[in-house]
Structure formats: C-alpha cells, structure tokens
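J.: 3D, please:
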Amino acid sequence: TITGTGFNKGAIVTFGGSMATTIAVVNGTTVLATTPAHVVGAADVVVTNIDPATGVIDSGSGSNTLPGGYTYTTAPSPAINLVSPNTGTVSGGTPITITGSNFVFGAKVFVGGQKVTVQTTTGSYIYATTPPAGNGTGNADVTVLNPDGQSNTLSGGYTYQ
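T.: Take a look at the predicted model:
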C-alpha cells in the first residue's frame, strides 16, 4: 500500500526501476501495488501519473520518488517437516504430501535425486507424485528447491520398497 496525495487513475509504480506486477489506484491518496522481483536491499519507489488522454506522463502532476521507500529482504528457506506417506514402491507413482513451511509456487521437488511431478504448491503443503526409484529400494532424501535457489532436504524422508 502506497499512501500520498495526487494519485491519478492509470498511475504507474516502479520499485528500484522495475514495474510493479499489479497496480490499483484506489483513490487520490492510496495506490495498491505488488512488488516485482528485485535484489535484496533498499529500492526507490516511484509513482508516475499518466495522462489518460495522451498516455504520456502527466505534465501537471508528473511523478514522485520516495528514495529507499521499500526494502527487499531474503525470503526464508523452505522447511520440510513431514512426507506422507513416507513409503512407496520403486516403480514410483505414489501421491505424496510434503508438509512444512515457506514453500513457493514453482518449487521443484526431488526424491532420491529424481525430479518429482508437482501438482500443487501452497505455503505449507506440496502435493506431488513420486518418480521411479533411481537406486532401488531403501531410504531417499526429499529436497524442496524454491525458485530463488533456497532449498531444504529431509534426509531419508522417503523409503522405496
């Protein structure tokens, strides 16, 4: 939420030079914007009014910058608490639920080093289907890899029978 004065419908918002992914001008004093991806650290926030008739920067109200107005932080790493069920056949195809925290849409999952087919990801659950065992029967590590490169491994979290 960005608060100020003089915001016009059609205003654009940037964070550190990158366009917000969604922008909604609520009224002349409030703009809702979703931050784009950015490196960790402070980013300038710029709101620019666009003249709806011409589609160019409004010469009357222009733009306003809040230097360092938003700070990007490192997202927390994923954490795996439980895999259920935690056993299945070496042929794969077992539906599993991975319970934990900080899972992000687009996360990749590996069981025993083999990529898993992910059906759904929420912040606390990943629903997936196991791949065939790469190394036969026995324990296999379960790894969640978020799109930002952070990962977590539950050692021996799944057993192929």
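J.: which residues touch the helix or strand hosting Leu66?
T.: Assigned by DSSP states H and E, Leu66 belongs to strand 63-72. Residues outside strand 63-72 that contact it (CB atoms under 8 Å, 6 or more residues apart in numbering) are 4, 6, 15-16, 35, 38-49, 57. C-beta: built from backbone N, CA, C; applies to glycine.
J.: Now, those residues that are in strands?
T.: Phe15, Gly41, Ala42, Ala43, Asp44, Val45, Val46, Val47, Thr48 (DSSP state E).
J.: ok, back up a step: please pick the buried ones from the contacts of strand 63-72.
T.: Applying 16 or more other CB atoms under 10 Å to the contacts of strand 63-72, the neighbour count classes Phe15, Gly16, Thr35, Ala43, Val45, Val46, Val47, Thr48, Asn49 as buried.
J.: Distance of the fourth one relative to Gly62?
T.: Note on Ala43: its distance to Gly62, by CB to CB, to the nearest Å, is 20 Å.
J.: The second one too?
T.: Plainly put, Gly16 is 19 Å away from Gly62 if you go by CB to CB.
J.: hey, what's Val13 bridged with?
T.: Val47 (DSSP bridges).
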